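1. Sequence and predicted model, in that order:
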Amino acid sequence: MLIVKNIITALAQMMFLSVISLTASGQSDMRIVSIPDSISKNAYGVVRSSDIVFEYKSATSGSERHKVVITVLNIKGKDFSDFIYYGGRFTKLKSFSAKLYDGEGKELLKYKLSDVKVTEYSSSLASDAKTCYFECTPPVIPFTVVYEYEVAWEDGIFIFPVFFPQNDFNLSVEKASYSLITPEGVSIINKAFHMDGKAMESVDKGKRTYKWELKGLKAIKSEPLGGSLSKYVPVLYVNPQKFIYDGVEGEIPDWNAMGKWIFGLIEKRDTLSDKKNANIIELTKGAKNDLEKVRILYDYLGSTTRYVSIQLGIGGYQPMQAEEVSKTGFGDCKGLTNYMRAMLSAVGIPSNYTLIKLDSKDKELFKNFPNFYQMNHVILQVPLPNDTLWLECTNTKVPLGFVHNGISGHDALVVTKEGGKIYRLPDYPDSLNIDMNRVSVALQPDGSAKVTAINKCCVKAYDDYSGIIDQPVPEQNDAIREQINLPNVVIEKVKFTDDKSSYPQISTDYSWSTPLYGTKTGNRLFIPVNPYRETYDFFKTTVRTNDIKINQGYKDIDTIFINIPDGYEIETMPASVKIDTPFGRFTTELNKDEKGIRINYVLFMHSGEYGVDKYADILSFFEKISAAYKAKIVLRKKV
């Protein structure tokens with residue numbers, strides 16, 4: 001999808017990879033046959049040529065001109081041709097045109113600005129956002145579309161467009177360029193990945209032009225456990241060192257300076273009325289220590305406020321006044337965090353406003369390149385004497401002391417009066433992320449069964465699963481049913497136990513039944529060894545090209561007891577398995593006793609990154625696990 005986004009608005013909306021502009025320079029030959037074979041390999045679409053020209057006229061105004069030529073090779077690449085531009089107060093789509101060509105290069109259709117649809121819909125309570133979109137509907141595939149458009153920037157510029165022409169898997173680029181024009185004397189900083197960051201420079205009539213070019217970018221094949229696209233493709237970030245944004249001046253040469261600028265936006269916004277301060281002191285007067293005070297106020301925050309997104313002007317970075325949040329009972333991540341900071345201050349507990357990137361595979365902040373691209377969320381650091389807490393003020397259902405999956409292990413910018421400092425948030429050992437099933441199956445001679453089960457999810461597995469508690473009962477039952485790989489499952493008698501400690505656990509105690517636990521064929525019953533786990537068949541491919549990344553390690557533990565129905569005996573039973581590899585360990589034990597069959601499965605998977613040369617070894621490990629999960633016990637009717 002061709003996404004052109006005002007980066008400032010995008011950051012306020014907590015977006016990242018779509019905060020880019022695909023652009024292109026003119027190309028006379030629109031025929032499909034003119035695309036080199038090396039470029040079309042693994043590609044669903046090809047950026048034939050591209051060009052971005054951004055003119056930085058002043059600290060408050062600029063002009064962004066684009067031309068993009070994209071060829072869609074098959075139906076899988078159709079979305080590459082759609083145009084979406086996210087703008088708002090700071091950027092506006094000024095002009096637009098599009099032309100459509102068939103595979104032979106024959107012009108089919110033309111479009112203009114009036115064909116672009118505009119909506120101000122946003123998930124935020126209040127936002128400057130305005131979305132312009134055009135859905136390309138070609139009469140034939142393959143086809144080529146040419147877009148030309150211009151975006152006006154106003155009221156402040158603190159980041160320039162990102163050069164990111166290869167912004168999706170299975171998309172290749174023949175050639176692309178990015179030109180930045182500034183008045184002489186304007187200092188810029190940049191950060192380049194997988195390309196040369198040094199620009200070709202020229203000066204003419206008081207203007208300096210920087211130009212970067214790319215050619216022959218082959219499509220990156222999307223593969224399971226392949227990691228982030230940014231690991232493979234060229235990306236260039238460019239910023240002015242000094243800026244004005246919504247009337248607020250700034251200069252951010254390093255992360256410390258960025259912290260100072262943010263502190264200037266939050267300073268004196270954490271004050272509460274005398275009455276409110278007295279109320280907070282009264283709430284916490286019986287607390288035995290600071291940790292208990294934090295817990296009381298964290299719970300109070302959750303019971304008296306709600307999250308809403310507010311992204312207006314500088315408000316995309318500046319929180320609401322704490323007193324205003326107190327009175328209205330709502331705020332966004334900035335406002336709620338600042339309010340919690342104010343309440344803690346009222347009882348003498350210092351805390352620090354903290355910027356972080358939420359839910360990203362790329363957890364590290366760029367070294368020596370302070371930027372707003374990597375920040376989309378605010379949390380609160382509370383450095384207590386014996387522990388440092390990281391509070392998720394937008395969702396106090398996150399247990400106090402638990403660093404949830406969206407931020408654990410991430411770099412964060414802690415903001416103080418002295419400036420910003422990068423901290424790495426704590427993460428959890430893979431061995432603590434446990435998903436455990438304890439199951440008892442009352443199997444009947446016809447293959448039906450009634451089952452009692454307890455599922456326990458711990459730490460990161462807890463975070464993945466705990467949202468089930470707030471769902472309506474039918475959706476809870478559906479979610480549980482999806483974990484059982486058998487037909488016609490009926491869920492009954494569900495009970496949840498939620499342990500909100502700093503190493504949280506959620507237990508689900510339930511029963512279920514199915515008429516088809518086993519498959520009856522003649523005088524035999526075929527019984528699944530473990531109906532709770534998926535196989536790893538998705539990982540197998542003819543040729544693997546990318547490295548392998550397992551983002552989150554975990555331990556799956558399954559203990560299953562199956563009775564043997566009257567009149568039946570065991571004909572065959574899978575052998576026990578024990579596998580130990582650098583990627584993880586897997587063991588199975590199946591034992592018969594006088595009451596039935598006892599099955600124990602344990603899979604411990606390590607998080608980590610592995611070169612493509614390890615693919616065959618990892619695939620072998622996964623295939624052995626899959627074979628064990630697919631295994632059957634065969635019961636035979638006694639003669």
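-> Structure received. Numbering: from 1, shown residues only.
2. Now for this structure, the helix or strand with the poorest mean pLDDT.
-> Taking mean pLDDT, DSSP states H and E as the measure, the chain has helix 7-12 as its least confident helix or strand, at a mean of 38.
3. Could you tell me how far residue 457 is located from residue 225?
-> Going from residue 457 to residue 225 by Cβ to Cβ, to the nearest Å gives 22 Å. (Each C-beta comes from the backbone N, C-alpha and C, glycine too.)
4. Look up how far residue 142 lies from residue 134.
-> Distance from residue 134 to residue 142, by Cβ to Cβ: 19 Å.
5. hey, what's residue 491 bridged with?
-> Residue 491 has the following beta-bridge partners by DSSP bridges: residue 512.
6. which ones are touching it?
-> Neighbouring residues of residue 491 by Cβ atoms under 8 Å, 6 or more residues apart in numbering: 477, 480, 481, 510, 511, 512.
7. try residue 347
-> For residue 347, the contact set (Cβ under 8 Å, 6+ apart) comprises 280, 281, 284, 293, 297.
8. where along this protein do the helices fall?
-> 7-12, 37-40, 255-266, 274-283, 290-304, 322-328, 333-346, 460-465, 473-481, 615-630 (DSSP state H).
9. Could the C-alpha coordinates of the fourth one be exported in PDB?
-> Output for helix 274-283, consisting of C-alpha atoms alone and laid out as PDB, is shown next (Å, rounded to 0.1, in the frame of the first residue of the first chain):
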ATOM      1  CA  ASP A 274      -4.800  21.700  47.800                       C
ATOM      2  CA  LYS A 275      -8.000  19.900  48.200                       C
ATOM      3  CA  LYS A 276      -6.900  17.100  45.900                       C
ATOM      4  CA  ASN A 277      -3.500  16.800  47.600                       C
ATOM      5  CA  ALA A 278      -5.200  16.500  50.900                       C
ATOM      6  CA  ASN A 279      -7.500  13.700  49.500                       C
ATOM      7  CA  ILE A 280      -4.500  11.800  48.200                       C
ATOM      8  CA  ILE A 281      -2.700  12.100  51.500                       C
ATOM      9  CA  GLU A 282      -5.800  10.800  53.300                       C
ATOM     10  CA  LEU A 283      -6.000   7.800  50.900                       C
END
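10. that older thread, ranking the contacts of residue 491 by neighbours, who comes first?
-> Neighbour counts for the contacts of residue 491 peak at residue 512, which has 22 neighbours (criterion: other Cβ atoms under 10 Å).
11. Give the ChimeraX command for selecting the buried subset of the contacts of residue 347.
-> Command for ChimeraX that selects the buried part of the contacts of residue 347, burial taken from 16 or more other Cβ atoms under 10 Å:
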select :280,284,293,297
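12. hang on, the earlier thing: dump the helices of the chain to TSV, plus distance to residue 162.
-> Shown next, in TSV, are the helices of the chain (distance: least, Cβ to Cβ, whole Å):
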stretch	distance to residue 162
helix 7-12	7
helix 37-40	23
helix 255-266	18
helix 274-283	42
helix 290-304	35
helix 322-328	33
helix 333-346	23
helix 460-465	30
helix 473-481	38
helix 615-630	32
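13. The ones you listed: which one's closest to residue 571?
-> Ranking the helices of the chain by proximity to residue 571 (Cβ to Cβ) places helix 615-630 first, at 17.7 Å.
14. State the distance from residue 559 to residue 602.
-> Computed as Cβ to Cβ, the residue 559 to residue 602 distance reads 9 Å.
15. no, scratch that, I was asking about residue 309
-> 43 Å.
16. So between these two, which is more surrounded?
-> The neighbour comparison of residue 309 against residue 602 (other Cβ under 10 Å) goes to residue 309, with 19 against 16.
17. Please report how far that one lies from residue 84.
-> On the measure of Cβ to Cβ, residue 309 and residue 84 end up 19 Å apart.
18. Please apply the same query to residue 434.
-> According to Cβ to Cβ, residue 434 and residue 84 sit 41 Å apart.
19. ok, now residue 325?
-> Going from residue 325 to residue 84 by Cβ to Cβ gives 33 Å.
20. ok, now residue 374?
-> To residue 84, residue 374 is 22 Å away according to Cβ to Cβ.
21. more crowded one of those two?
-> The residue with more neighbours, out of residue 374 and residue 84, is residue 374; 22 against 16, by other Cβ under 10 Å.
22. Would you mind confirming that that one makes contact with residue 366?
-> Yes. When contacts are counted by Cβ atoms under 8 Å, residue 374 is listed as touching residue 366 (6.7 Å).
23. what touches both of those two?
-> Common neighbours of residue 374 and residue 366 are not found (criterion: Cβ under 8 Å, 6+ apart).
24. Flag the shaky bits of the stretch 301-450 of the chain, pLDDT-wise.
-> Within the stretch 301-450 of the chain, the segments meeting pLDDT under 70 span 310-315.
25. now the strands for it?
-> With DSSP state E, counting those that start in this stretch as the criterion, the stretch 301-450 of the chain has strands at 306-307, 310-311, 330-331, 352-356, 377-383, 388-391, 411-416, 419-424, 434-443, 449-458.
26. Find the residue at the geometric middle of the chain.
-> For the chain, the residue nearest the mean C-alpha position is residue 359 (3.9 Å; Cα atoms, centre = their mean).
27. check contacts around the nearest residue to residue 326 once chain neighbours are set aside.
-> Spatially, and ignoring its direct neighbours in sequence, residue 326 is nearest to residue 276 (5.5 Å; Cβ to Cβ, 6 or more residues apart in numbering). Residues in contact with residue 276 (Cβ under 8 Å, 6+ apart) are 323, 326, 346.
28. what sits against the last one?
-> When you say that, I think you mean residue 346. Contacts for residue 346 (Cβ under 8 Å, 6+ apart) come out as 272, 276, 277, 280, 281.
29. Which two of those have the greatest separation?
-> The two members of those with the most space between them (Cβ to Cβ) are 272 and 281, at 10.9 Å.
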